[in-house]
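Enquirer: Give the three-dimensional model of this entry:
(8 chains, ligands or ions: 10)
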Amino acid sequence: MKYKFILSGTGGQGAITAGLLLGEATATYGNLFAVQTQSYGPEARGGAARTDVIISSSKIHYPKVMYPDVLVCLSQEAYNKYIKMATPGGLVIYDSHNVKNVKIKDYKMLGLDMFGACMSEFNSVQMINICMLGVLSEIVELIDPETIRMVIRNRFKPSLIDINLRALDMGINLVRELGEEKVSKLKLQ
Amino acid sequence: MKYKFILSGTGGQGAITAGLLLGEATATYGNLFAVQTQSYGPEARGGAARTDVIISSSKIHYPKVMYPDVLVCLSQEAYNKYIKMATPGGLVIYDSHNVKNVKIKDYKMLGLDMFGACMSEFNSVQMINICMLGVLSEIVELIDPETIRMVIRNRFKPSLIDINLRALDMGINLVRELGEEKVSKLKLQ
Amino acid sequence: MKKKLKFNRDWCKGCGICVEFCPKNVLELDDELKIYAPRSGDCIFCKMCELRCPDIAIQIIETQEESDEEK
Amino acid sequence: MKKKLKFNRDWCKGCGICVEFCPKNVLELDDELKIYAPRSGDCIFCKMCELRCPDIAIQIIETQEESDEEK
Amino acid sequence: MAVTDYLREQFMPHIWCPGCGHGIVLNSLVRAVEQIGLEKNDVVMVSGIGCSARMAGYLDFHTMHTLHGRALAFATGAKMGNPRLKVIVPMGDGDALAIGGNHFIHAARRNMDLTAIVMNNNIYGMTGGQFSPATPKNRYATTAPYGTIDEPFDVVKVATAAGASFVARSTTYHVNELIKLIREGIEHPGFSVIEILDQCPTYYGRKNLSGSAVDMLKHFKENSVKIGKGTGAPGEIEIGVFVKEVRPEYCDKYESLVKEVQGGKK
Amino acid sequence: MAVTDYLREQFMPHIWCPGCGHGIVLNSLVRAVEQIGLEKNDVVMVSGIGCSARMAGYLDFHTMHTLHGRALAFATGAKMGNPRLKVIVPMGDGDALAIGGNHFIHAARRNMDLTAIVMNNNIYGMTGGQFSPATPKNRYATTAPYGTIDEPFDVVKVATAAGASFVARSTTYHVNELIKLIREGIEHPGFSVIEILDQCPTYYGRKNLSGSAVDMLKHFKENSVKIGKGTGAPGEIEIGVFVKEVRPEYCDKYESLVKEVQGGKK
Amino acid sequence: MKKNEILFLQGNEVCARAAMYAGVSFYAGYPITPSTEIAEVLAELMPAEGKAFMQMEDEISSICAIIGASLTGNKVMTATSGPGFSLMQEAIGYGHMAEIPCVIVNVQRGGPSTGMPTSASQADVMQTRWGTHGDHSVIALTASNHEDIFAMTVEAFNFSELYRMPVVLLLDEVIAHMREGLTIPEPGELPIIERLNTSVPEDSDYHPYFAREDGRLPMSEFGGIHRYNVTGLAHDMWGFPSNDPEVANTLIHHLVNKVENYKHDIARYKTTNMDDADIVLISYGCSARSAKQTMSNLRQRGLRVGMIELQTLWPFPDDIIYDLCRDARYVVVAEMNMGQVLHQVKEAVSNPDRVFLANRVDGALINPEDIENVVNLLRGKGK
Amino acid sequence: MKKNEILFLQGNEVCARAAMYAGVSFYAGYPITPSTEIAEVLAELMPAEGKAFMQMEDEISSICAIIGASLTGNKVMTATSGPGFSLMQEAIGYGHMAEIPCVIVNVQRGGPSTGMPTSASQADVMQTRWGTHGDHSVIALTASNHEDIFAMTVEAFNFSELYRMPVVLLLDEVIAHMREGLTIPEPGELPIIERLNTSVPEDSDYHPYFAREDGRLPMSEFGGIHRYNVTGLAHDMWGFPSNDPEVANTLIHHLVNKVENYKHDIARYKTTNMDDADIVLISYGCSARSAKQTMSNLRQRGLRVGMIELQTLWPFPDDIIYDLCRDARYVVVAEMNMGQVLHQVKEAVSNPDRVFLANRVDGALINPEDIENVVNLLRGKGK
Ligand SMILES: Cc1ncc(C[n+]2csc(CCOP(=O)(O)OP(=O)(O)O)c2C)c(N)n1
Ligand SMILES: Cc1ncc(C[n+]2csc(CCOP(=O)(O)OP(=O)(O)O)c2C)c(N)n1
Ligand code: SF4
Ligand code: SF4
Ligand code: SF4
Ligand code: SF4
Ligand code: SF4
Ligand code: SF4
Ligand SMILES: [Mg+2]
Ligand SMILES: [Mg+2]
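Expert: Ligands and ions are numbered 1, 2, ... in the order given. The predicted model follows:
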């Protein structure tokens, strides 16, 4: 079993941190192999940022993602830049508040208002990346949300653990609210 | 026709300048080929200094002198360091004032008191290298003293030309004073 | 001839420097963190915003037309 | 115990510094441009020659014997 | 000419972070050049490597984006190669003072007519926030997780001691003065150094709780004093012109030498 | 210990020319070390490349003859690698100020306990007499056949501005003071710079009609004044101690940092 | 850190931790992408262990400082990337001439010049061999995954102490910034070679440059009981400068042979599926990850593809390559440059005409398809 | 100077005068043995012609300064030796990336490190090819006598202008310090290639990095009518930094191919007695003088010895060597290093096993007997 993710957003949205947490969750606590890489560049400070994560039950060689099973876009800029990488049959998850301009193609699309959820819950969008991890963990069988909780507990300052856990659950709930049926179509096992 | 010289002395005695003048005389005014090289080294400032000169009627390839036809030693230090390069049948010319400790081997030896001559004529040993060129030009047929005179006239400040020409003649005379017979044994044609 | 504030939204990065140091409190950032001038009438054209903008996103221009300032 | 000038001829390069700056004019260079002390009796052991010699060729040593100074 | 006429607009917006002080310096520089009325074809800009060094790309002069620390060495050749040109050298603090320190003091010594603009944000911005020789003591940086122990350079003092004939300091808050100083520096016929304290909110700011770009500008505002007006309190920023002396300029001296040498001949 | 106990006698006589000032510096240095009573095993000498740099080979310390201009960088590592050791760095004017200028100012800035002895003969001796950044204006050198047009550095000023906490100057004529200054420099707990004007009769002397080593020493004698006693005449050599301040030393600061960091842990 | 815990680290972080494991006690460096994290991690770890971390004014002073600190008895390291590595060349030569143990990490990025600072490349392989002037030998290691980064970092220290010389660890942007799981070895799990100190007693003559029969030169640290001279000039067994041709000749041959004679001890490489391989992929570093993928893809399609992954790049294990490739129909070298290891392979094998290059120089990691395309082309299947 | 007068000059002096002949208008350098005389002669000649001579603070600033001056419209040069050449590597890479014409003379001396400053060596040949990081091509010339030093210095300027890149002239201590007779060519006698200036008119778009079909990039000098950006980062045709893999790929291939595609135009070499040669000596620089002597000695003894003297070292003229050596029984490469051109010859010829090395690395010029001994050995005559 092997899943390939591209998580993208605008510098500061924390897409890369999310990738790192996802990788750590699966590699350290999930008994799986995981590899995470990212695109740097002087532009990374301002423009679109991207991280590739592969999780797999066997050793991973080529560490970059050419054909993502899941492409996440947290911003319009990221969407515009990376949507061309979406694969037929693959899943594109985007933040429906930030990404307005979407085109329907032969991949599955899931727009969720993570931005809105974060704003209403925390009055800040700082947690959007963790929320996104919640979404992923609910959709991708291989990702055990408990492992992400463990990473959160280990990585963050005590004062920030709780709020991050809540953001994670928020993401999980955003998916659950879609209803069994819809979710089952999206799910990656 | 090809003659190979090693001119040696102590830094400051001008052996290297002599080599350069000899080369220039033959190459520029003598219609011959000439190559001059020298040994550098931080020690060159203090210790023994050496220059190799080859003059030839045909093109010269290897520019160093391994088996000198003539080895000149202006100082004891230079003698000690380079006498091992003297070749059987070759000629060793040394300054008989500076070089006291000589061993007789299977090469021809010619000791001349160039030091004394210079001191008595100029009250300085500055000209010993030019005097030595006079000696060489009288012994080596291929070296036309007139070409050395031309170099002296071209290279030196006007104020120094005359004294250098005199030093040259002094060297020539030192050899002539030895008498035809002795000289004819030494001569290189 | 009338002076007018001209913004280059594409260049503005929303740092808020112009907003903070405007002596007349003319400027604000919108939802998308881009500059606009809700109180443009108060502007004294002191140029401080123009000179301090790190993104050269503000220009004070002279114009023939009467205030068609967009805000 | 008596002081004495000791020269290292092998190291001396004949620069003449010691000669020039000896306050008592004790020193000279010989034919071979090596240091010697023709007027060693005048020496006040001020050490200036020892300290200024670039070749560390002069030492003022203390000795048991009476003046067996070689010159 | 309008300010934007000096920009290569096709490459804008620039890559600098929101609120980066380098943009303010760019802004001031362009206005200084405009005030002097320099022809664009007469200006060469030579920069090294760093966020600051990216300035060259955005300006419609003859621009050379070179190697980290070496801008002044390239600039020396460019100027000597055609002394008619005005040569402006924007530099980061790391660029000018760390790897580039030697070229900095030698350029000052020679007094060639170059204008060095040191954009001192107290940090290596481009590489992500390591301390620089201009980072004050006890500050945090990615390579100083426990605080810096190094003493910083005083750019003004070093430039002065090395021989710069025009030395000034200002901050990105003081834009009007800044324009004036840059202008003076460019017009000064000799090596000029203008140190500009500027903000890197992304790294220096974040690591040292200086907060946002706005906060950092406020800091400059509050801690700056005119030369000689200071109380000597730590952290005080003296601003103004420290040195301004007309001394023989290098290219001029070389020209005289050439005349002299040729004098005998021609 | 006798002076010669500090020498590697088997390699003497040294390669320096007759009358070379570097020998006088060697002489003074050995006496200063002897006076302090340093153990030979506690002294590391690090030199670069140049006639001056050859000093290391003749001294019976731990000696490192490194690369042109880089002695202070090697020395910084050696000292930081074992702060217990005394590290002395003899340097030529080219070595210290031309190619090595950056390491010089940064070593001064850090204030690590190194003793830099700048043997300033105003010339590149080793390579045969090219001008250096310490050659005064209008002097002759093989690469300045028409006279130099470059302004020279003032070593004392540059060292001071860069942050050296001990800065002194003397000449090879003033041997007693020289020994005292070198001693003070070595004993000073921080970065010390002792600039020593010394003679290269072979190149600087010959090219600039300063005559022999003796004449050059006379020149030092006649043109030197104690700090503050000068008339400001051109060519005047101010000698003495310019800066002597005890400031936190780099290795000490690092040790404190380590203690602090480990504090939480151990 | 819990025992056997899997850590999810960047390659650079692994390198830094491995250096700690190997006993680095002095680091000096200057920041440069994509190597900077090595310094950043060490800036945190080293003071906590009482070890010296310095950020210097540039790369030249960094390499000089580590050589200085090596002589005062430390295990030392610096890390940089292309531009810094180029600047270090003079002092690297000093390290070779003076035979000073030190480790230099070059995390390669796109070149030449400032090039592509944040992109992947493997174009410094030949520079690592020939970057400084004059004749000498080189040891350079590389790695394609975190376990190997750890192991090769430790080996770099080991070789540098064993052979008394600068050793280069060549990483690349991809593996340096990539995160994957790693279990840090227990202390003692990997062998650590400590400096060979001289047994010459105090007051006896110690010859710092008198090689033992096995080519090794026992050291004595500065500050210790033996005082001697170190120089970058040609020198005799005392470390004193010498112009004697005999001395120079011996020295140069020693500098070359002390490594060339131990080529087999230094060779680190891995082979996979080589038993029946008629198509051999040779690769290293990040490219090896793609090559491995290509191999497994092609094996699944029934092609007899084998692979050699090089970890020792210099001295180049030419006879090993010769032996392994003897029966190959095609040899494909996969690397991210215009063909550098390619030259060595061509020089090594019996039939250079069978050796082909699969490369990529645009900054993006070469991918398994890039390599597969070359294989297909060779098999007459076109792209 | 009288017409056709034979001057008796040092090799370095010849190089300096040839640079004047080629039109050098800016020189910057830092003294180092055995190259210093080049600077010393230019310090005298250049001001007299109104041209700029600068002594800089080090070698790094020297190479940077000449690149800067090249951009403001000058023909430029610097000269150095091993340690300085190593220091210049980063900026040489910049010269390649930004495609700036400049000439770098490296008068080789014994290495590595400070090595043997006053002794002969040819051990920087591979460094010249691979000294800086990243992929690019190199042009390097050498010479064995004064006539050739003059000609190759002029060619170095010509190639650097023609191909818009740094060109290295590799001399050695022997020929640099050797004096022999030379008649300086008349003006016009040797062709001088001037910079190709763009014909794009003012106010039209000039693309500094848009190569013509023949690979050439017409220039526009700084201060001229076109303003553009120059950078050491990967860049597009405007000279503006770009991260686009496509752009990077095109750029790297251009940097390599602009030379590789013109290898035959750049190859300078001389053959002697090659018609019937079954023993081929390949040599260059000072060693070629000895090899020539060996050849003539052996010919006198009836051996069919021929010789190839290389003047272009890079790009290595491999197919020319291949052709010329096809019928050779033995090929002997004579050079003063541990075998550098040797590698290239082995890679070039059809049977590398027939290629042998005659070398010397002790600082003394290799002599005809050294080479003869190798030939005798091969012929089973032992020494
Ligand atoms: C030789 C070399 N060393 C290191 C680097 C990496 N590097 C690029 S910019 C930079 C420092 C930037 O700091 P600064 O000069 O202060 O400019 P800023 O980004 O802060 O404006 C460094 C270390 C490089 N490009 N080249
Ligand atoms: C990198 C490098 N550049 C240049 C040289 C050549 N070089 C050796 S010593 C020296 C200068 C010597 O002058 P200085 O430092 O003043 O010492 P001095 O000989 O006068 O004592 C130079 C340029 C070198 N060895 N290495
Ligand atoms: S010009 Fe002055 S008053 Fe007007 S908006 Fe700008 S800062 Fe405010
Ligand atoms: S200062 Fe400029 S970039 Fe910042 S908010 Fe104002 S207009 Fe935008
Ligand atoms: S000790 Fe003084 S008095 Fe005696 S010789 Fe030396 S300098 Fe002269
Ligand atoms: S000072 Fe020393 S070297 Fe000079 S003459 Fe006197 S003893 Fe000899
Ligand atoms: S990192 Fe700092 S210096 Fe660089 S662009 Fe961002 S704010 Fe400016
Ligand atoms: S050349 Fe000058 S500095 Fe060097 S040893 Fe001779 S006198 Fe001293
Ligand atoms: Mg900065
Ligand atoms: Mg000097």
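
Enquirer: contacting residues around the least confident helix or strand in chain A by mean pLDDT?
Expert: For chain A, scoring each helix and strand by mean pLDDT, DSSP states H and E identifies helix A:180-186 as the least confident one, at a mean of 88. By Cβ atoms under 8 Å, 6 or more residues apart in numbering or on different chains, the surrounding residues in contact with helix A:180-186 are A:91, A:108, A:110, A:138, A:139, A:175, A:176. Every residue, glycine included, has its C-beta placed from N, CA and C.

Enquirer: how about the residues of the stretch 1-150 of chain E that lie near chain F?
Expert: The interface of the stretch 1-150 of chain E toward chain F, taken as Cβ under 8 Å from any Cβ of the partner chain, is made up of E:98-102, E:105-106, E:109-111, E:133, E:146-147, E:149-150.

Enquirer: Let me know the closest of the residues you listed to residue F:69.
Expert: residue E:102 (8.7 Å; Cβ to Cβ).

Enquirer: Show the low-confidence segments of the chain, by residue range.
Expert: You didn't say which chain, so I picked chain A. Scanning chain A with the threshold set as pLDDT under 70 gives A:40-47, A:189.

Enquirer: not what I meant, chain G
Expert: The model of chain G has pLDDT under 70 over residues G:1-3, G:381-383.

Enquirer: Tell me how far whichever residue of it sits closest to ligand 4 lies from residue G:127.
Expert: Chain G approaches ligand 4 most closely through residue G:118 (25.1 Å), counting by Cβ to the nearest ligand atom. Relative to residue G:127, residue G:118 is positioned 20 Å away (Cβ to Cβ, to the nearest Å).

Enquirer: Looking at the two, which has the bigger crowd around it?
Expert: residue G:127 (29 against 20; other Cβ atoms under 10 Å in any protein chain shown).

Enquirer: if I look at that one, how far off is residue G:91?
Expert: Using Cβ to Cβ, which is the criterion applied here, residue G:127 is 15 Å from residue G:91.

Enquirer: likewise residue E:17?
Expert: Between residue E:17 and residue G:91 the distance is 35 Å, computed by Cβ to Cβ.

Enquirer: neighbour-wise, which of these two wins?
Expert: Taking other Cβ under 10 Å, residue E:17 and residue G:91 do not tie; residue G:91 has more neighbours (34 against 25).

Enquirer: for the longest helix along chain A, which positions count as buried?
Expert: When chain A is parsed with DSSP state H, its longest helix is helix A:158-176. Using 16 or more other Cβ atoms under 10 Å in any protein chain shown as the test for burial, helix A:158-176 gives A:163, A:164, A:165, A:166, A:167, A:168, A:169, A:170, A:171, A:172, A:174, A:175.

Enquirer: Quick one: low-confidence residue ranges for the stretch 151-266 of chain E.
Expert: For the stretch 151-266 of chain E, residues meeting the criterion pLDDT under 70 lie at E:264-266.

Enquirer: hmm, try it at 90
Expert: Scanning the stretch 151-266 of chain E with the threshold set as pLDDT under 90 gives E:206-207, E:209-211, E:230-235, E:263-266.

Enquirer: what does it put close to chain F?
Expert: Within the stretch 151-266 of chain E, the positions lying close to chain F (Cβ under 8 Å from any Cβ) are E:151-154, E:157-158, E:160-163, E:250, E:253-254, E:257, E:260-261.

Enquirer: For chain C, give me its nearest residue in chain G.
Expert: residue G:118 (21.1 Å; Cβ to the nearest Cβ).

Enquirer: quick one: that residue and residue G:32 touch, right?
Expert: No. Using Cβ atoms under 8 Å, residue G:118 makes no contact with residue G:32, being 11.3 Å away.

Enquirer: Between the two, which contacts overlap?
Expert: By Cβ under 8 Å, 6+ apart, residue G:118 and residue G:32 have no common neighbours.

Enquirer: near ligand 9, which residues of chain E?
Expert: Near ligand 9, the residues belonging to chain E are E:92, E:93, E:121, E:125 when assessed by Cβ under 5 Å from the ion.

Enquirer: export the residues you listed to TSV and tack on distance to residue H:375 and neighbour count?
Expert: Formatted as TSV, the entries for those read as follows, by distance: Cβ to Cβ, whole Å; neighbours: other Cβ atoms under 10 Å in any protein chain shown:
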residue	distance to residue H:375	neighbour count
E:92	60	34
E:93	62	30
E:121	66	31
E:125	62	30
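
Enquirer: farthest pair in the residues you listed?
Expert: Across these, no pair lies farther apart than E:93 and E:125, at 9.2 Å, counting by Cβ to Cβ.

Enquirer: In chain C, which residue sits nearest ligand 1?
Expert: Of all residues in chain C, residue C:54 sits closest to ligand 1, at 12.8 Å by Cβ to the nearest ligand atom.

Enquirer: sec struct for that residue, please.
Expert: Under DSSP: H, G, I helix; E, B strand; the rest coil, residue C:54 falls in the coil class.

Enquirer: Next, give phi and psi for it.
Expert: For residue C:54, the backbone dihedrals (degrees, to the nearest 10) come out as phi -70, psi -10.

Enquirer: Would you agree it is in contact with residue E:21?
Expert: Yes. Applying Cβ under 8 Å as the test, residue C:54 and residue E:21 come out as touching, 6.7 Å apart.

Enquirer: shared neighbours of these two, which are they?
Expert: Listed contacts common to residue C:54 and residue E:21 are residue E:213; contacts here mean Cβ under 8 Å, 6+ apart.

Enquirer: Once you drop chain neighbours, what's closest to residue 38?
Expert: Because you didn't say which chain, this covers chain A. For residue A:38, ignoring the flanking residues on the chain, the nearest one in space by Cβ to Cβ, 6 or more residues apart in numbering or on different chains is residue A:51 at 4.3 Å.

Enquirer: Oops, wrong one, chain G.
Expert: Nearest residue to residue G:38 in three dimensions, chain neighbours excluded: residue G:79, at 4.1 Å (Cβ to Cβ, 6+ apart).

Enquirer: The one you found - how many residues pack around it?
Expert: Here the count is done by other Cβ under 10 Å, and residue G:79 has 32 residues near it.

Enquirer: Next: residue E:180.
Expert: Taking other Cβ under 10 Å as the criterion, the count of residues near residue E:180 is 18.

Enquirer: try residue A:71
Expert: The number of residues packed around residue A:71, counting by other Cβ under 10 Å, is 28.

Enquirer: and if you look at residue C:32?
Expert: 8.

Enquirer: All the strands of chain A, in order from the start?
Expert: Shown for chain A, the strands assigned by DSSP state E span residues A:2-10, A:33-38, A:48-56, A:70-73, A:91-95, A:108-112.

Enquirer: Which one of those lies nearest to ligand 3?
Expert: Closest to ligand 3 of those is strand A:2-10 (Cβ to the nearest ligand atom; 27.7 Å).

Enquirer: nearest spatial neighbour of whatever residue of chain C ends up closest to ligand 5, skipping sequence neighbours?
Expert: In chain C, the residue found nearest to ligand 5 is residue C:54; the distance is 70.3 Å by Cβ to the nearest ligand atom. The spatial neighbour of residue C:54 that comes closest, neighbours along the chain excluded (Cβ to Cβ, 6+ apart), is residue E:23 at 2.5 Å.
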